[in-house]
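In: sequence plus the predicted model coming up.
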Amino acid sequence: MKSPPLSIWAAAVFLTFVSQSVQSVGGKQCVCQLKNSERPFPMDKLDSIRTSASQCNRTISPDKMEEIDVLTLGLQRRLEQLEESVAVLEKEDDGELYGAVSLRIVELEMAEVLELMAKLNRTIRSHQQLSEATSTKLQSVMEEMQDLEEFDHMHVVKKLQENQRMKRDLANCQHELQVTPHPPTPAPGHCPQGQLFSVSGPRTYTLTQYGTSYSYGSWGKDPNPPPGKENMYWLVALTSSNVFANYVRQYSSLSTIVVGVGPTDTVIAPSNPTTNTIQGPNVVMYGDALYYGCYNTPSICRFNMTARTVTNVALPQNSGFNNKFPFGHLEAGYVYTDLDFATDESGVWVIYTSSENFGNIIISKVLTDSPPALEKTWKTSLHKRTATNTFMACGVLYATRYMDKETEEIFYSFDTVTGEERYDLKIQIKKMLTNIQSLNYNPQDRMLYMYSDAYILSYDVIFR
């Protein structure tokens, strides 16, 4: 009787012990969950069959099978000797002492023959009983093996079907993670490509070359790059206390920043922190110049990447800085996010607030000359501390708020052309990590660039 390979039994055991389901965990990833919901493979029955087979092998051994042959051969030889002794007695019987001795020898040989015959009969009966018991045991083992094979086949087939279902569920789950729920259709506006309708992705999701060392920073592409830098990506990680940075890192392509190879570092200030040091994570690059919050002053700094010079312009008096009016939510505040810079189709913007405006957001257009200058300013009714981030698209300010660890919501907009404010957008962004330290829109590729707890992500912005 040939037993199934052990690999089949192992597979059956594993497949039978678990049931499979696919679910989205926290909106971040799809997980195949295994539960002990089915009757396990009867290993005790298989062990019993193996024990019975081992006992049969020990009971019906080669020595046991040769025992009857040995007894039969011995009996045959004794009978031959007895026949010779009788022939001698008949031939040489003298009726005296010699004849009596010969007769006694024949009698002894006859006794031995009878003893051998009795032993042979007992052995034959024992073997018959053993054969019957073994036959019954083997029949039982065969029936049990058939049950196990049927059990194995049924469960393997069933698990193959469940695996196919799980693959479909996994594909559907992954598709759902990439799709942002459709918000209510916004009212018509002036943006050439339409109104911001939804955000899908992330398209990019990876740690930077720094690993998890720096949870605050910013990254993206220059929407108005000089010739030769159209495919370049930039990265600023706040390498000192999650507040300060003194250089900007550039990569030649998306693949190089994802893999973390071949960066070029451009130093802005000789140390951290000092004059011209970057303060805060909300940084943008436009026209080969980096715009950021100046160290320890309520001012806009502009760093020319080619000339490597810094110029600046002060914000209006009493503007918040040094962590007075940061973004945040109930569970966390995003330190030193008083100034938020943004780019859109028209250039560079700065978002901030002041005590005179009661902490409500102020928007100022930044002239991208050297030195920079402030152009027109708009005041909103949105308190800055109620938002987690802002960005600009088509001259419209969008603000986000924290919903939960998996979801951020674009809930507010302010149109700088019409002055219209809205608090009912409900455009959701699926997060991969809890916090978003910076968020900026690039009108060139219509992508949102996010820095989130040391990870860099990008999302498609969909207009209608």
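Out: Structure's in. What do you need?
In: for the stretch 351-464 of the chain, which segments count as strands?
Out: Ranges of strands within the stretch 351-464 of the chain are 360-367, 373-383, 389-393, 396-404, 407-415, 421-422, 427-430, 438-442, 447-452, 455-463, based on DSSP state E, counting those that start in this stretch.
In: what does the stretch 51-200 of the chain give?
Out: 196-207.
In: quick one: the helices in it?
Out: Using DSSP state H, counting those that start in this stretch, the helices of the stretch 51-200 of the chain run over 62-92, 97-177.
In: now find how far off-centre the longest one is within its chain.
Out: How far helix 97-177 lies from its chain's middle: 49 Å, per Cα atoms, centre = their mean, to the nearest Å.
In: nearest to residue 50, out of the helices of the stretch 51-200 of the chain?
Out: Set against residue 50 and scored by Cβ to Cβ, those come closest in helix 97-177, at 9.6 Å. All C-beta spots, glycine's among them, are computed from the backbone N, C-alpha and C.
In: pLDDT on the closest one, on average?
Out: The pLDDT scores in helix 97-177 average 73.
In: stretch 303-317 too?
Out: In this model, stretch 303-317 has a mean pLDDT of 95.
In: next, the buried residues of that stretch.
Out: 303, 305, 310, 311, 312, 313, 315 (16 or more other Cβ atoms under 10 Å).
In: adding mean pLDDT and distance to residue 246, write the strands of the stretch 351-464 of the chain out as a markdown table.
Out: Listed next are the strands of the stretch 351-464 of the chain as a markdown table, based on pLDDT from 0 to 100; distance: least, Cβ to Cβ, whole Å:
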| stretch | mean pLDDT | distance to residue 246 |
| --- | --- | --- |
| strand 360-367 | 96 | 22 |
| strand 373-383 | 95 | 25 |
| strand 389-393 | 96 | 24 |
| strand 396-404 | 95 | 29 |
| strand 407-415 | 95 | 30 |
| strand 421-422 | 94 | 38 |
| strand 427-430 | 95 | 31 |
| strand 438-442 | 96 | 18 |
| strand 447-452 | 96 | 18 |
| strand 455-463 | 94 | 20 |
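In: and these as JSON lines, adding mean neighbour count and distance to residue 288?
Out: JSON lines is the format used below for the strands of the stretch 351-464 of the chain (neighbours: other Cβ atoms under 10 Å; distance: least, Cβ to Cβ, whole Å):
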{"stretch": "strand 360-367", "mean neighbour count": "20", "distance to residue 288": "15"}
{"stretch": "strand 373-383", "mean neighbour count": "15", "distance to residue 288": "18"}
{"stretch": "strand 389-393", "mean neighbour count": "28", "distance to residue 288": "20"}
{"stretch": "strand 396-404", "mean neighbour count": "21", "distance to residue 288": "25"}
{"stretch": "strand 407-415", "mean neighbour count": "21", "distance to residue 288": "29"}
{"stretch": "strand 421-422", "mean neighbour count": "14", "distance to residue 288": "34"}
{"stretch": "strand 427-430", "mean neighbour count": "23", "distance to residue 288": "29"}
{"stretch": "strand 438-442", "mean neighbour count": "26", "distance to residue 288": "15"}
{"stretch": "strand 447-452", "mean neighbour count": "25", "distance to residue 288": "17"}
{"stretch": "strand 455-463", "mean neighbour count": "20", "distance to residue 288": "21"}
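In: on that earlier part again, select, out of the helices of the stretch 51-200 of the chain, the one closest to residue 389.
Out: helix 97-177 (21.4 Å).
In: among the buried residues of stretch 303-317, which are in strands?
Out: 303, 310, 311, 312, 313 (DSSP state E).
In: from what I see, the third one and residue 372 are in contact.
Out: Just to be clear, that refers to residue 311. Yes - the criterion here is Cβ atoms under 8 Å, and residue 311 meets it with residue 372 at 6.6 Å.
In: quick check: neighbours shared by the two?
Out: residue 302 (Cβ atoms under 8 Å, 6 or more residues apart in numbering).
In: so what's the residue count around residue 50?
Out: For residue 50, the count of nearby residues is 12 (other Cβ atoms under 10 Å).
In: if we can go back for a sec, quick one: closest of the strands of the stretch 351-464 of the chain to residue 170.
Out: Of the strands of the stretch 351-464 of the chain, nearest to residue 170 by Cβ to Cβ is strand 427-430, at 17.2 Å.
In: CA atoms only: put the closest one into CSV for me.
Out: This file holds the C-alpha atoms of strand 427-430, laid out as CSV (Å, rounded to 0.1, in the frame of the first residue of the first chain):
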residue,chain,number,x,y,z
ILE,A,427,-12.7,65.6,-1.1
GLN,A,428,-10.9,62.8,0.6
ILE,A,429,-7.2,61.8,0.4
LYS,A,430,-6.3,58.3,1.3
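In: please renumber the chain so that the first residue is 3 from this point on.
Out: Got it, the first residue is 3 from now on, which makes the last one we talked about strand 429-432.
In: need the buried residues of stretch 305-319 in a markdown table with distance to residue 431, can you?
Out: Below are the buried residues of stretch 305-319 laid out as a markdown table (distance: Cβ to Cβ, whole Å):
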| residue | distance to residue 431 |
| --- | --- |
| 305 | 29 |
| 307 | 30 |
| 312 | 33 |
| 313 | 34 |
| 314 | 32 |
| 315 | 32 |
| 317 | 28 |
